[in-house]
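Colleague: kindly generate the corresponding structure for this input.
(one chain, ligands or ions: 1)
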Amino acid sequence: MTTQLNTNISWWWQVVVFTIIVVILAISWLWSTTTSNGDGPPMPPLPPGPVHLPIIGYLPFLDRNLHTQFTDMARTYGPIFKVRVGSKLHIVINTPDLARAVVRDQDETFANRPLTVAASISTYGGQDIAWSNHNVSWRKLRKVFVHEVLSIKNLEACSGIRRDQVREMIKDIYGKIGTALDLNEIFFSTIAKVLTSMIWQNSLDEEGADYGHLAGVERDIRKEANKLDGIITSVIEDRIKYNSKNNSHDDINDAVGKKDVLQVLLDLKDHATTSVDITIADIKALLTVSFIYPHESSAMKSSFIANDIMVAGPEATTLLIQWTMVEIMQNPEVMKKVQEELAQVVGPSNIVEESHLSKLKYLDATIKETFRLHPVVPLLVPRSPSKTCTGSSILGKSLEFNPERFLAHEAVDKYDFSGNNLNFFPFGSGRRVCAGVPLAEKSQMLILASLLHSFNWSLPKGEELDLSDIFCVTLRKRKPLVAIPSQRLPNTSLYM
Ligand code: HEM
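Modeller: Sure, this is the predicted structure:
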């Protein structure tokens, strides 16, 4: 069973091409092709790779779907190969052992990110968590984000916000029962609202800046970086003004019974309850984390290599939910089992609550199986080594969607999202592992469970499910999922 599981999981490597791209900055083309290092120790030999052109390297031959191209290249060049793009050398690795060398044995060395001009513009000069190098400032922000903003206590405290937004979504869908809905739009707007309301509740309403505007900012963040900065700055200023007028910020806190993230951060700044001092610039960088979003450029392949990308919350979570729904609809047996589990754990007279989530083992396995076949961040986020580093074939494959593989006794603990198991780590691994895992996990489970408990789903007449994907840093569905909901729970008040 274990061997079978490992064999199947390793297929994840083939499909995903688990790859960490290491960018060695500031290495000239000529210098990087030699194996000597002046008077210093000899450079280690570079791995094999395709022939590249002078100056531009392999750029003209890169395919839009890098994840599949890298899979093919791994067959030719082996588990580690090089790709030069311009003056930059990228090393692509794709086995658990090599991953271990990067994110475990030499995690500290590989903990930097290659910051580009575009990433710099949209992240306050790489001051956010995702694009900062591994330095004191990154440590501080990450500590605040993981241990304060997304602490178990604060995540619990925000559960009412998530619940309200998901109920809104259910009510909205109920109003459109029987019609064909673009689920991608619904998921994105729900996740985005969950994140924005957790962060600053209704502050945007005062601005007259609705989420649609903000989503526009995300979609073209480079052009709109100033606008995003303006919005964040004015939300912070308004809150500071509001707090100073009202000695206590009770009504902000009471709106959902709890503080939002902005208030948590302002309190930290004012009352230094932790060992870290945080500044307004830190707060802006932390708030940006929630909006950083893969930037879709018309010249995607070059923009990827140039790292003109940002990865985080709404996009990745939306895609995961969408792919899971597609697989569930494609596999009626899986749909049946998920809904049976929901009937058992939640019951037909209740709506899904976060307290139910830990009992939804089959749904959890279904999500993991979706990640295996559709890793939403297939190449993870690039790492850049801080010094020169020295240094399988695919064992099996299964395209069959089978959540049971994650339910095997051992798998339950072994294949989680912590990044500890280097056969399966869709959220990355090591010290740069995704900082949003607990929030992503809760949000995706809650939304999926609610959608499948409250509704049955079918395809519009004559339509077929399409499983083709497209690589845009994240792995998107080529065509959005369109499906028709029908009422599942007997009591209509559960939809209000
Ligand atoms: C399905 C949902 C998500 C997936 C698949 C995902 C995946 C990833 C991956 C692969 C990385 C790079 C890890 C590495 O370099 O080893 C990452 C980094 C990061 N993610 Fe996520 N993510 C998701 C949701 C979120 C959410 C909801 C947030 C927060 C609101 C978030 C915040 C971050 C941050 C801050 C980083 C940078 C961490 C660092 O460099 O120290 N992510 N994510």
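Colleague: what is the neighbour count of residue 381?
Modeller: Residue 381: 20 surrounding residues under other Cβ atoms under 10 Å. Any C-beta I mention is one placed from the backbone N, CA and C, and that applies to glycine too.
Colleague: cool, and the one 4 residues further on?
Modeller: Residue 385 has 19 neighbouring residues, counting by other Cβ under 10 Å.
Colleague: what residues does the stretch 51-200 of the chain put near the ligand?
Modeller: 129-130, 142 (Cβ under 6 Å from any ligand atom).
Colleague: between those, which has the most around it?
Modeller: Neighbour max across these (other Cβ under 10 Å) = residue 129, 26 neighbours.
Colleague: please produce JSON lines containing the residues of the stretch 51-200 of the chain next to the ligand, extended by secondary structure and pLDDT.
Modeller: As requested, those are exported to JSON lines (DSSP: H, G, I helix; E, B strand; the rest coil; pLDDT from 0 to 100):
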{"residue": "129", "secondary structure": "coil", "pLDDT": "78"}
{"residue": "130", "secondary structure": "coil", "pLDDT": "78"}
{"residue": "142", "secondary structure": "helix", "pLDDT": "86"}
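Colleague: can I get those residues in JSON lines with distance to residue 66?
Modeller: Shown next, in JSON lines, are those (distance: Cβ to Cβ, whole Å):
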{"residue": "129", "distance to residue 66": "24"}
{"residue": "130", "distance to residue 66": "19"}
{"residue": "142", "distance to residue 66": "28"}
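Colleague: and which of these is nearest residue 153?
Modeller: Ranked by distance to residue 153 (Cβ to Cβ), these are led by residue 142 at 17.8 Å.
Colleague: for that closest one, what are its contacts?
Modeller: 129, 435 (Cβ atoms under 8 Å, 6 or more residues apart in numbering).
Colleague: any idea how far residue 75 is from it?
Modeller: Residue 142 sits at a distance of 37 Å from residue 75 (criterion: Cβ to Cβ, to the nearest Å).
Colleague: cool, and residue 415?
Modeller: As judged by Cβ to Cβ, residue 415 and residue 75 stand 26 Å apart.
Colleague: who has more neighbours out of the two?
Modeller: Neighbours were counted for residue 415 and for residue 75 using other Cβ under 10 Å; residue 415 has more, 24 against 10.
Colleague: check what contacts stretch 359-376 and list those residues.
Modeller: Under Cβ under 8 Å, 6+ apart, the answer for stretch 359-376 is 8-9, 11-12, 15-16, 18, 316, 319-320, 323-324, 327-328, 334, 337-338, 341-342, 345, 399, 401-407, 412, 415, 424, 426, 444-445, 448-449, 452, 469, 474-475.
Colleague: could you pick out the buried ones from those residues?
Modeller: 8-9, 11-12, 15-16, 18, 316, 319-320, 323-324, 327-328, 334, 337-338, 341-342, 345, 401-403, 405-407, 415, 424, 426, 444-445, 448-449, 452, 469, 474-475 (16 or more other Cβ atoms under 10 Å).
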